[in-house]
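*Asks:* with the sequence up front, the predicted model follows.
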Amino acid sequence: MNRRIAMSTLLLLILSTSGRAETIEVTVNGLVCGFCAQGIEKRLRQFPATADVLVSLEQRLVAVALKADTDISDAKLTEALEGAGYAVKAIRRTETPMAALREQVKVGRE
Amino acid sequence: MPTYHAHGAGACLALLGTLLAPDSIAKPIAFAGGTTAMVEYGAGTMEEAQVFFAPSHRWSVGGGYLTLDSDVDGSARRIAYARANWLVKRWNLEGAQANVFAWGGAGGASGNGFSGRVLAGNAGAQADYETRRVYASLKTDFYDSSEFTHRIDTLQLGVAPYEHEYNQLAVWLLVQGRTYTGDLYRGTEWAALLRVFKGSVWVEAGVTEDGNLQSMLMVNF
């Protein structure tokens, strides 16, 4: 009985972990100047949940990699990006690792 | 009257710049919590240093020091000022951004045509528009005191040879037209400029049609 409970708990833990977003991808308007966009990275790195930040002018993308078992709400992300002076158009929570996103951005440039 | 023709051409380009809604010029507001420091050498007619802190992306406060040396009658002005800047309106478009800024302030001025220091007011505005390939801005800066009045209008139009990516070196080729009132300079002072920036450092340099250096350094932190 105890073994069955332990197995179920482990299964639930695996399922809940795999369903958690690893990255938040935000489509942003007005992203045309790398110098001016420094404020975005500076602001997003202040969140305790932020593990990494990627900004792509070409993709109009701001991506935040989250630390394990943490999150940043859509409202807080929107507030941060609008506070940096930009317009948020869409927010997606994905499991795409930041390394893969960086590769996509790099390939898009070539 | 070639001077009037030059002014007319400058005004037309300025109007065009406004209609095109241009921006990669130095902005008086960087980002919330950011500080912008800027120094400019304006071909021997004007030199300026500024530092602004922005509590919000909508406004910033700080100060500056401006020197004006007339190319016409040898007059000189030295103006130290405190100033507040406002982002009046921003348009964040899919592949472009446009802004309208306004500012106002006051300070003390000295000069070689009068004795002591006088109170000087400052007001100005800037409209700019940029994509990753084209850029335009129009700025007007007005200084008024009991001893002098000067307005400095600056138009910049630029193209980028390639679309830069975040944290890559950005390169811009620009034409700048600047007019001064109050017998500081006759006609429009045209300059060709190269602008580069990467990370939080921005440098631009070039020459005017008179062969004088025009340059600017700006840092965000």
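*Replies:* Done, it's in. Numbering: from 1, shown residues only, chains lettered A, B, ... in the order given.
*Asks:* and the pLDDT for whatever residue of chain B ends up closest to chain A?
*Replies:* Residue nearest to chain A within chain B (CB to the nearest CB): B:F31, separated by 2.4 Å. Every residue, glycine included, has its C-beta placed from N, CA and C. B:F31 is assigned 83 on the pLDDT scale.
*Asks:* wait, what's in contact with it?
*Replies:* Shown in contact with B:F31 (CB atoms under 8 Å, 6 or more residues apart in numbering or on different chains): A:36, A:38-40, A:42-43, A:83-85, B:54, B:57, B:220.
*Asks:* of all those residues, which comes closest to B:H164?
*Replies:* In terms of CB to CB, no member of the contacts of B:F31 lies closer to B:H164 than A:C36, at 11.8 Å.
*Asks:* what secondary structure does that closest one sit in?
*Replies:* When states are read from DSSP: H, G, I helix; E, B strand; the rest coil, the local structure at A:C36 comes out as coil.
*Asks:* what sits against it?
*Replies:* Applying CB under 8 Å, 6+ apart, the residues contacting A:C36 are A:85, B:27, B:30-31, B:97.
*Asks:* what do you get for B:Q97?
*Replies:* A:30-33, A:36, B:23, B:90-91, B:129-130.
*Asks:* which residues does whichever residue of chain A sits closest to chain B contact?
*Replies:* When scored by CB to the nearest CB, chain A has A:G39 as its residue closest to chain B, at 2.4 Å. By CB under 8 Å, 6+ apart, A:G39 lies in contact with A:84-85, B:30-34, B:57, B:220.
*Asks:* how does it look with 7 Å?
*Replies:* A:84-85, B:30-32, B:34 (CB atoms under 7 Å, 6 or more residues apart in numbering or on different chains).
*Asks:* show me the helices in chain B, by range?
*Replies:* In chain B, the helices defined using DSSP state H lie at B:2-19.
*Asks:* select the longest strand from it.
*Replies:* If you go by DSSP state E, chain B has its longest strand at strand B:76-92.
*Asks:* ok, so of the contacts of A:G39, who is nearest B:G108?
*Replies:* Nearest to B:G108 among these, with distances taken as CB to CB, is B:A30, at 26.4 Å.
*Asks:* the closest one against B:M38, yeah?
*Replies:* No. Counting by CB atoms under 7 Å, B:A30 does not reach B:M38; the two are 10.3 Å apart.
*Asks:* the more surrounded of these two?
*Replies:* B:A30 (28 against 20; other CB atoms under 10 Å in any protein chain shown).
*Asks:* OK, contacts around the more buried one?
*Replies:* Counted by CB under 7 Å, 6+ apart, B:A30 has contacts A:39, B:36, B:54, B:220.
*Asks:* hmm, back to that, of the contacts of B:F31, just say which sits nearest to B:D144.
*Replies:* Relative to B:D144, the closest of the contacts of B:F31 is B:A54; by CB to CB it sits at 25.8 Å.
*Asks:* in terms of contact, does that closest one touch B:A32 like I think?
*Replies:* Yes. With contacts defined as CB under 7 Å, B:A54 counts as touching B:A32 at a distance of 6.1 Å.
*Asks:* what about those two, which has more around it?
*Replies:* B:A54 (25 against 20).
*Asks:* what sits opposite the more buried one in the beta ladder?
*Replies:* Beta-bridge pairing for B:A54 (DSSP bridges): B:G34.
*Asks:* sorry, back to before: closest to B:T45 among the contacts of A:C36?
*Replies:* Once CB to CB is applied, the member of these that ends up nearest B:T45 is B:K27, at 22.8 Å.
*Asks:* just to revisit the earlier point, hmm, the longest strand of chain B touching chain A?
*Replies:* Yes. Using CB under 7 Å from any CB of the partner chain, we find that strand B:76-92 touches chain A at B:90, B:92.
*Asks:* what parts of chain A come near chain B?
*Replies:* When proximity is defined as CB under 7 Å from any CB, chain A approaches chain B at A:29-30, A:32-39, A:43, A:55-58, A:83-87, A:109.
*Asks:* now A:A80: phi and psi?
*Replies:* Per-residue torsions, A:A80: phi -70, psi -40 (degrees, to the nearest 10).
*Asks:* spatially nearest residue to it (excluding sequence neighbours)?
*Replies:* Spatial nearest neighbour of A:A80, chain neighbours left out: A:R43 (4.9 Å); criterion: CB to CB, 6 or more residues apart in numbering or on different chains.
*Asks:* for B:Y180, see how far away the one you found is.
*Replies:* 39 Å (CB to CB, to the nearest Å).
*Asks:* check whether stretch B:150-160 comes near chain A.
*Replies:* No. Stretch B:150-160 does not reach chain A (CB under 7 Å from any CB); its nearest approach is 10.1 Å.
*Asks:* buried ones in that stretch?
*Replies:* For stretch B:150-160, the buried set under the neighbour-count rule, 16 or more other CB atoms under 10 Å in any protein chain shown, comprises B:150-158, B:160.
*Asks:* among those, which are in strands?
*Replies:* B:150-158.
*Asks:* A:L81 looks like it's in a strand, true?
*Replies:* No. A:L81: not assigned to a strand; according to three-state DSSP it is helix.
*Asks:* which positions in chain B make contact with chain A?
*Replies:* Residues of chain B lying near chain A by CB under 7 Å from any CB: B:24, B:27, B:30-32, B:34, B:57, B:90, B:92-97, B:130-132, B:163-168, B:170, B:197, B:200, B:202, B:220.
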